[in-house]
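1. just need the structure, nothing else, for what follows:
(one chain, ligands or ions: 1)
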Amino acid sequence: MMEPYRIKVVEPIPITTRSYRERVYGEAWYNQFNLTADDVTIDLLSDSGTGALSAEQQAAGMRGDETYAGARSFFRFRDVVEDLTGYSHIFPVHQGRAAERILFTALLKPGQISLGNTHFDTTRANLELLGCVVRDIPCQEAKNLDSDDPFKGDIDLVALKKALKGPDDVGIVLMTITNNGGGGQPVSMANLKAASKLCRKHGVPFILDAARFAENAWLVTQREEAFRDHTPLEVARLAFGLADGCVASLKKDGIVHMGGMLGVNDPELAKRCELLLMATEGFRTYGGLSGRDLDMIAQGLLEVTDPEYLRARAAATEYLAECARQAGVDSVRPAGIHAVYLNAGRLLPHIPPSRFTGHALASELYLAGGIRCAELGSLYLGEITESGELITPAPFELVRLAIPRRVYTKSHLEYVGETLAEIAKNVEKVPGYRLVEAPAILRPFRARLEQVR
Ligand code: F0G
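-> Now for the predicted structure:
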């Protein structure tokens, strides 16, 4: 798992004590989104916009051209994205959700259905804000957290076929690669191909949410027989080629701090998107980004498909999953590549979902080790009353440890493993939580909680 790079610039990380963390976490209403960076030792909240830039990206940033219209940076960005995706119309946007809003507004009518392997939460929100109906149809294998099926990110082709036959008005099929909402699992090329074929047959646009396109491509080369001899770049190109367009947050596999893109082939759709882009993001040659951002993205997109980089990243994630397993904490199997999804429900059977099992483990990781991460359980996905009572729990109580790109070393991951081992030794000491404020919208970001012992 040796990283194919060395460190040239460092940033100190805060080292704090448990008593300090107990105080600040309490003051933050036991919500990790209220913590400040100064209070977090290892930040695994998100792999989005948190990566480290390479020397070449920094140099590219210096070449950034800040011309209002027609900046050279745009053409460098467009050439790289065109070469990667093959789409005829490429628009930069400030981040992934902007691409979602623009594409969905240009493409869909209220009441239409979006089908997907699992929509990411901003994707779902953008669709619902337009009055569309969102339906997740992940493959059956995804239901078993412990099985080692290689492509648990796939869409359920039987359900897709049925839905496309009608009478539903399906406006779009959206495939998220890798499937972030579904345990970070990859999608196979066979599944993409079959879904694409069904969409073409029924005349429904087939769109990729390609935030982690390179990581998906890497896992395809490792797990899908027909692609063993392909490079990740070749697989990525083929995947983009199966779709009619893409939305992508480039804060992940663009390895930049800010950026996104929208690509489509249909010239009429592109015209509508361009209008929305110019009204809300910026002129078509910058779309809400600076020239230096565009240049750093272009360079990041060239670096991200490097097999040695992807091999090391996948190995690091697998290593973290293995550290957790040895500590006695199971995670969704097999390990994906951007994150490890811990099975909090299994570790903390004494905490029922109504006391937010996933949140309890995430909180304990912070209290015990200053490690910040994201709950993916009933606090986020459950049905909850205004007074904070859980009506319908999430299917699983998971905790996502998202790994920023090129940021943490093996010893940081080992520290996470050691912290988990410490928690696992005394699980009965881990308290549950009660909601004291449960906002109806964007709950995880704004919720206030208290401990229940
Ligand atoms: N699609 C997927 C699959 C994502 O994971 C994200 C963001 C987005 C779209 C939205 O992109 O943030 O650039 O607007 N995911 C981050 C995460 C926030 O932590 O998983 P954005």
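2. quick one: residues in contact with stretch 427-445.
-> Residues from elsewhere that reach stretch 427-445, judged by C-beta atoms under 8 Å, 6 or more residues apart in numbering: 29-31, 33, 347-348, 350-352, 355-357, 359-361, 363-364, 374-375, 379-380, 384-388, 423, 446-453. Where C-beta positions appear, they are placed from N, C-alpha and C, glycine not excepted.
3. can you give me the end-to-end distance of it?
-> 26 Å (C-alpha to C-alpha, to the nearest Å).
4. touching the ligand at all, that stretch?
-> No. Stretch 427-445 lies apart from the ligand when judged by C-beta under 6 Å from any ligand atom; the minimum separation is 11.2 Å.
5. give me the distance between the closest residue to the ligand within the stretch 351-453 of the chain and Asp168.
-> Nearest residue of the stretch 351-453 of the chain to the ligand (C-beta to the nearest ligand atom) works out as Ala402 at 5.8 Å. Note on Ala402: its distance to Asp168, by C-beta to C-beta, to the nearest Å, is 34 Å.
6. so between those two, which is more surrounded?
-> Shown here are Ala402 and Asp168; by other C-beta atoms under 10 Å, Ala402 has more neighbours (22 against 14).
7. is it true that that one touches Ile42?
-> No. With contacts counted by C-beta atoms under 8 Å, Ala402 stays clear of Ile42, the gap being 11.2 Å.
8. partners of the residue of the stretch 351-453 of the chain closest to the ligand in the sheet?
-> For Ala402, the beta-bridge partners under DSSP bridges are Ala339.
9. tell me who's in contact with it.
-> By C-beta under 8 Å, 6+ apart, the contact list for Ala402 reads Leu44, Leu45, Ser46, Asp47, Ser48, His338, Ala339, Cys373, Ala374.
10. now the residues you listed in CSV, please, with extra columns for pLDDT and secondary structure.
-> Shown next, in CSV, are the contacts of Ala402 (pLDDT from 0 to 100; DSSP: H, G, I helix; E, B strand; the rest coil):
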residue, pLDDT, secondary structure
Leu44, 98, coil
Leu45, 98, coil
Ser46, 98, coil
Asp47, 98, coil
Ser48, 98, coil
His338, 98, coil
Ala339, 98, strand
Cys373, 98, coil
Ala374, 95, strand
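11. restrict the residues you listed to those near the ligand?
-> Within the contacts of Ala402, those near the ligand by C-beta under 6 Å from any ligand atom are Ser46, Ser48.
12. could you pull up the residues touching the closest residue to Leu301 other than its chain neighbours?
-> Leaving aside its sequence neighbours, Leu301 sits nearest to Val80 (C-beta to C-beta, 6 or more residues apart in numbering; 5.1 Å). Residues near Val80 by C-beta under 8 Å, 6+ apart: Ile297, Ala298, Leu301, Leu302.
13. which among those residues end up buried?
-> The neighbour-count test (16 or more other C-beta atoms under 10 Å) marks Ile297, Ala298, Leu301, Leu302 as buried among these.
14. among the residues you listed, which one sits closest to the ligand?
-> The closest of these to the ligand turns out to be Ile297 (C-beta to the nearest ligand atom; 12.1 Å).
15. may I have the phi/psi pair for the closest one?
-> phi -60, psi -50 (degrees, to the nearest 10).
16. also Glu383?
-> Torsion angles, degrees, to the nearest 10, at Glu383: phi -90, psi 120.
17. contacting residues around Leu398?
-> Counted by C-beta under 8 Å, 6+ apart, Leu398 has contacts Gly183, Val332, Tyr341, Leu342, Asn343, Ala344, Gly345, Gly358, Glu375, Leu376, Gly377.
18. who wins for neighbours among the residues you listed?
-> That'd be Gly358 among these, by other C-beta under 10 Å, with 32 neighbours.
19. which of the helices or strands spans that one?
-> helix 357-369 (DSSP states H and E).
20. count the neighbours of Leu442 for me.
-> Neighbours of Leu442 under the rule other C-beta under 10 Å: 11.
21. actually Ala327, not the one I typed
-> If we define neighbours as other C-beta under 10 Å, then Ala327 has 18 of them.
22. so how far is the ligand from it?
-> According to C-beta to the nearest ligand atom, to the nearest Å, Ala327 and the ligand sit 24 Å apart.
23. look up the closest residue to that residue, ignoring the ones flanking it.
-> Once flanking residues are discounted, Ala327 sits nearest to Ala421: 3.7 Å by C-beta to C-beta, 6+ apart.
24. gap between stretch 292-303 and the chain center?
-> 19 Å (C-alpha atoms, centre = their mean, to the nearest Å).
25. actually stretch 92-104, sorry about that
-> Averaging C-alpha positions (C-alpha atoms, centre = their mean) puts stretch 92-104 15 Å from its chain's average.
26. wondering if that stretch reaches the ligand at all.
-> Yes. Stretch 92-104 is in contact with the ligand by C-beta under 6 Å from any ligand atom, via Gln95, Gly96, Arg97.
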